[in-house]
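Chemist: Return atomic coordinates for the entry below.
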Amino acid sequence: ADDVAGPALDLAEQLGDEMLLEEVFSGDLGLAARSSERSRIAWLGAKAAWRQGELSTALAALTMVEDKSAVFPQAQLLKGVVLSQQGRASDALAPMLTASSLAAAAGDTELVILSDLNAARVYYAMGDGAAGDGDGPRAAGNFARASEYYARVPRNSQHWPQAQFERAWAHYRLQDMGGALGYTQPHISPFFDDWYFPEAEMLRIYSLFLLCKFPSAS
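Modeler: Below you'll find the model as predicted:
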């Protein structure tokens with residue numbers, strides 16, 4: 001058959017659950033399909049490989065996603081995530097920024113938020129020494145850039161609490177204890193009791209201790 005994958009993709013799209021096909025495609029990226037479906041097959045196969053921890057396989061599959069494909073922005077974000085998980089923070093940044101730019105042009109707000117959030121994490125990793133920055137000026141610059149990208153996550157996003165918590169850590173690493181306390185203040189507010197961020201309390205203790213506010217830390 002000239003097109004085995006096409007009908008399956010169409011049916012999965014109608015059902016709203018393409019995840020059903022991820023493992024199928026990850027095991028056979030060369031499945032007979034129309035040329036227009038190749039990128040979607042590679043994208044779904046890459047996601048399955050990534051979930052299974054097969055990072056090199058995921059990267060290889062992502063190279064098959066064409067830049068004109070509708071799934072190219074998502075593929076670029078996943079590429080950045082995979083590279084980051086491989087400890088290649090410097091390499092991970094470019095595809096994440098590409099994903100953010102393309103998503104913004106397409107009006108995909110959620111993908112923009114996810115791309116910016118993950119770009120912030122990459123900047124944090126670079127500041128943490130993943131790119132050989134140590135604790136010097138470049139490290140400080142990367143932590144500051146991380147904070148900038150965390151700030152791009154809007155207040156009405158479901159990812160905002162996590163972004164604020166991680167942003168607080170960036171300010172802690174910048175030795176800005178006031179910032180660390182400020183960005184974790186919502187997490188201990190009675191208005192947000194349904195959030196579960198016990199680590200935020202630990203970060204506040206560290207910050208208060210370094211500010212010599214020992215009674216409050218105790």
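Chemist: where's the most centrally placed residue in the chain, which helix or strand?
Modeler: For the chain, the residue nearest the mean C-alpha position is residue 118 (3.0 Å; CA atoms, centre = their mean). If you go by DSSP states H and E, residue 118 is part of helix 109-125.
Chemist: ok, now which ones touch the spatially closest residue to residue 214 that is not a sequence neighbour?
Modeler: Setting aside the residues directly before and after it, residue 214 is nearest to residue 208 in space (CB to CB, 6 or more residues apart in numbering), at 7.8 Å. Using the backbone N, CA and C atoms, a C-beta is placed for each residue, glycine as well. Contact analysis of residue 208 by CB atoms under 8 Å, 6 or more residues apart in numbering lists 177, 181, 214, 216, 217.
Chemist: Tell me the buried residues within those.
Modeler: In these, burial by neighbour count holds for 177, 181, counting by 16 or more other CB atoms under 10 Å.
Chemist: one step back: return the distance of the residue nearest to residue 214 relative to residue 164.
Modeler: According to CB to CB, to the nearest Å, residue 208 and residue 164 sit 18 Å apart.
Chemist: before we move on, the earlier item: what secondary structure does the residue nearest to residue 214 sit in?
Modeler: Classification of residue 208 using DSSP: H, G, I helix; E, B strand; the rest coil returns helix.
Chemist: I figured residue 206 hits residue 172, correct?
Modeler: Yes: using CB atoms under 8 Å, residue 206 is in contact with residue 172, at 6.8 Å.
Chemist: Which one's more surrounded, these two?
Modeler: Per other CB atoms under 10 Å, whichever of residue 206 and residue 172 has more neighbours is residue 172, with 21 against 14.
Chemist: other SSEs contacting the helix or strand residue 78 falls within?
Modeler: Using DSSP H and E, residue 78 sits in helix 72-85. Counting contacts by 3 or more CB pairs under 8 Å, 6 or more residues apart in numbering; DSSP states H and E, helix 72-85 packs against helix 38-51, helix 55-62, helix 89-106, helix 109-125.
Chemist: secondary structure element for residue 178?
Modeler: helix 177-184.
Chemist: Which of the helices and strands in this structure ranks last by mean pLDDT?
Modeler: In the chain, no helix or strand scores lower on mean pLDDT, DSSP states H and E than helix 22-26, which sits at a mean of 53.
Chemist: and residue 68, which of the helices and strands packed on helix 72-85 is closest to it?
Modeler: With distances scored as CB to CB, the stretch of those nearest to residue 68 is helix 38-51 (8.4 Å).
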